[in-house]
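Peer 1: How does the following fold in three dimensions:
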Amino acid sequence: MSVVPADEAHSSSSRHSLPVLRRDHPNLSRIALLAAGLAPPALYFLFVAHYGVNFIYWDEWAVVPLINAELHGSLTFTMLWAQHNENRMLLPNVLFVLSGRFDHFDTRAIMFLSASLYTLSFWLYLAIHKTYAGRSLRPLPILLTGCVWFSLEDFENALWGFQLAWFLIVFLLMILLFLFSRRRITNLGLSISILVAAAASISSLQGLILWPVGFLCLIWRTPGRTRLIKLSSVWVSATAGCSFFYFWNFRFGAEATGGGSVSFALRHPVEVVRYFFIAIGNLFPVNLSLNVFRTVSEELAMYECIGVVIFAVAVFVVWASYRRYRAERRVPLPAALILFAVCFDISIALGRVSLGLGVARSSRYTMANLLMLVAIASYYFGSPILRAAHADKRAWLSVVIPETMIAVVLVAQIWVTVPYGYSHGKSLAGQRNRGAQVVVNLAEGTPPERAWDVYTLVYPGLPAAAPLLREAKKDQLSVFYPPLYRYYRHLGFPR
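Peer 2: Below is the predicted model:
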């Protein structure tokens, strides 16, 4: 490193000295950026490797007949397209069937596939943010947003292979935003974007959200009224066609949508709103065993208040972004992620509020809200408007204070969720291992033991599970693959 004389250093402004340091340490800067971008996904993979269990759990049993049909030459498109709860899962079902064909439906391998898609999604986010802000994020913001992106508050999705569908949707969302972040929206780019949104739509109900997100980006990025009308008409037509295809012969009854009742939600709008805010506030979990709250109602009220605050900040970010969009037609990264998260939460609230407000506390419903928090951070860490304000001494405090506050919030979220996620991950792994012992050694248990353990650890009811267990055993799927089967047979029925 070259040494700058003291008198020369004092006479030079920081504007001239900073590039000297950057030229002297380009490798150090690259290493810091690389480490910040790799550390969170690496820790996430270690979490999955440590607590992931190869075991078919709950909704995953619905895949067993598909794999069985494929292995025996009777699989049809109708089976792949069949409604599962409120979802059409054609693309995930194809991947599940391929897993059954090539690795005996190893659900742990599917978890690693989900983690890989999530990692690629995060790296795409960093690339999109560079276009949005006009420069790369610094190492510390990358590390903080990465730790939130891979937050262990979302441990349930991380350790459940069936949730591959949502990881696919987030991955396709980031591809969509990447396409809309290009210098110019071409006809080819729009065509590929339509295909991406269509792929998300055949992954799960929440995949349909990519259509309004894409429409927002189209309006934001397209100059000229004539071209905007032309491209928008194409996008709206594709949206209508894909939605019609999705809901053709769709069953809306509670018996077909996982027990949730949309009609109940429409009759109880206040409960829907409360559920919505509780789900957002669940980003900061608190364990009732700490005796912070006397009742569950008090705990839910706390989450509701946190959710209101986060949502209010998100609304401000969208409003502030809208005020600037004509001046800078960059991809609306924060606004797009917030729109996705809000639509995601609304879809969950409408479908699950009838099961009780406490369901909003489920870990698997936090994924979209983590993206909302990342979106808020993106606005304050990388907005070109805010970055320009750093040069204005009068506006400096109005920029630095919010940046510092959002950094503190991210640190707090990470601090709270790391022990929470590891504790629940360990507990979940124990339950999955116990479930594997149950299904492999089912004949050894008493009738009450079999009925209770299957219901709590495997599938909703032994009569419904019995034919699926026979198919899985015949095809040597998951825990019935010989090496695993022998291992759990040796352990015996759990007592």
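Peer 1: show me where pLDDT drops low in this structure?
Peer 2: When residues are selected by pLDDT under 70, those of the chain lie in 1-26, 254-260, 287-294, 325-328, 383-399.
Peer 1: So residue 410 sits against residue 147, correct?
Peer 2: Yes. A contact is recorded between residue 410 and residue 147 when judged using CB atoms under 8 Å, the distance being 7.4 Å. (Each C-beta comes from the backbone N, C-alpha and C, glycine too.)
Peer 1: Mind jotting down where the helices sit in the stretch 351-495 of the chain?
Peer 2: For the stretch 351-495 of the chain, the helices identified by DSSP state H, counting those that start in this stretch occupy 367-382, 384-389, 393-440, 447-457, 462-474, 482-491, in order along the chain.
Peer 1: Buried by neighbour count: which residues of the fourth one qualify?
Peer 2: The one in question is helix 447-457. Of all the residues in helix 447-457, those buried under the rule 16 or more other CB atoms under 10 Å are 450, 453-454, 457.
Peer 1: how much space between the nearest residue in space to residue 306 that is not next to it in sequence and residue 369?
Peer 2: Using CB to CB, 6 or more residues apart in numbering and skipping the chain neighbours, the partner closest in space to residue 306 is residue 281 (3.5 Å). Computed with CB to CB, to the nearest Å, the distance linking residue 281 and residue 369 is 9 Å.
Peer 1: Common neighbours of these two, please.
Peer 2: Common neighbours of residue 281 and residue 369 are listed as residue 310 (criterion: CB atoms under 8 Å, 6 or more residues apart in numbering).
Peer 1: sorry, back to before: tell me which of the buried residues of helix 447-457 is nearest to residue 436?
Peer 2: The shortest distance between residue 436 and any of the buried residues of helix 447-457, using CB to CB, involves residue 457 and amounts to 8.9 Å.
Peer 1: rewinding a little: next, work out how far apart the residue nearest to residue 306 and residue 354 are.
Peer 2: For residue 281, the distance to residue 354 equals 20 Å [CB to CB].
Peer 1: So between these two, which is more surrounded?
Peer 2: Between residue 281 and residue 354, counted using other CB atoms under 10 Å, residue 281 has the larger neighbour count: 24 against 21.
Peer 1: so the more buried one touches residue 301, yeah?
Peer 2: No. In this structure, residue 281 is not within contact of residue 301 by CB under 8 Å, at 9.6 Å.
Peer 1: quick one: which two of the buried residues of helix 447-457 are the most distant?
Peer 2: Taking CB to CB, the two most distant members of the buried residues of helix 447-457 are 450 and 457; they sit 11.0 Å apart.
Peer 1: what do those two both touch?
Peer 2: Residues touching both residue 450 and residue 457 comprise residue 438, with contact defined as CB under 8 Å, 6+ apart.
Peer 1: show me what contacts the residue most central in space within the chain?
Peer 2: Closest residue to the average C-alpha location of the chain: residue 367 at 3.6 Å, with CA atoms, centre = their mean. Contact analysis of residue 367 by CB under 8 Å, 6+ apart lists 154, 157, 166, 170, 344.
Peer 1: And residue 208, by the same measure?
Peer 2: Contacts of residue 208 by CB under 8 Å, 6+ apart are 200-201, 242-243, 246.
Peer 1: With secondary structure added, can I get these in JSON lines?
Peer 2: Shown next, in JSON lines, are the contacts of residue 208 (DSSP: H, G, I helix; E, B strand; the rest coil):
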{"residue": "200", "secondary structure": "helix"}
{"residue": "201", "secondary structure": "helix"}
{"residue": "242", "secondary structure": "helix"}
{"residue": "243", "secondary structure": "helix"}
{"residue": "246", "secondary structure": "helix"}
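Peer 1: Put the buried members of the residues you listed into a ChimeraX selection.
Peer 2: Buried subset of the contacts of residue 208, written as a ChimeraX selection, criterion 16+ other CB under 10 Å:
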select :200,201,242,246
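Peer 1: Let me have the contacts of residue 208 in CSV, extended by distance to residue 69.
Peer 2: Below are the contacts of residue 208 laid out as CSV (distance: CB to CB, whole Å):
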residue, distance to residue 69
200, 25
201, 24
242, 26
243, 28
246, 23
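Peer 1: between the contacts of residue 208, which is closest to residue 417?
Peer 2: Comparing the contacts of residue 208 against residue 417 with CB to CB places residue 200 closest, at 26.8 Å.
Peer 1: sorry, back to before: farthest pair within the contacts of residue 208?
Peer 2: Comparing every pair within the contacts of residue 208 by CB to CB identifies 200 and 243 as the most remote, at 12.3 Å.
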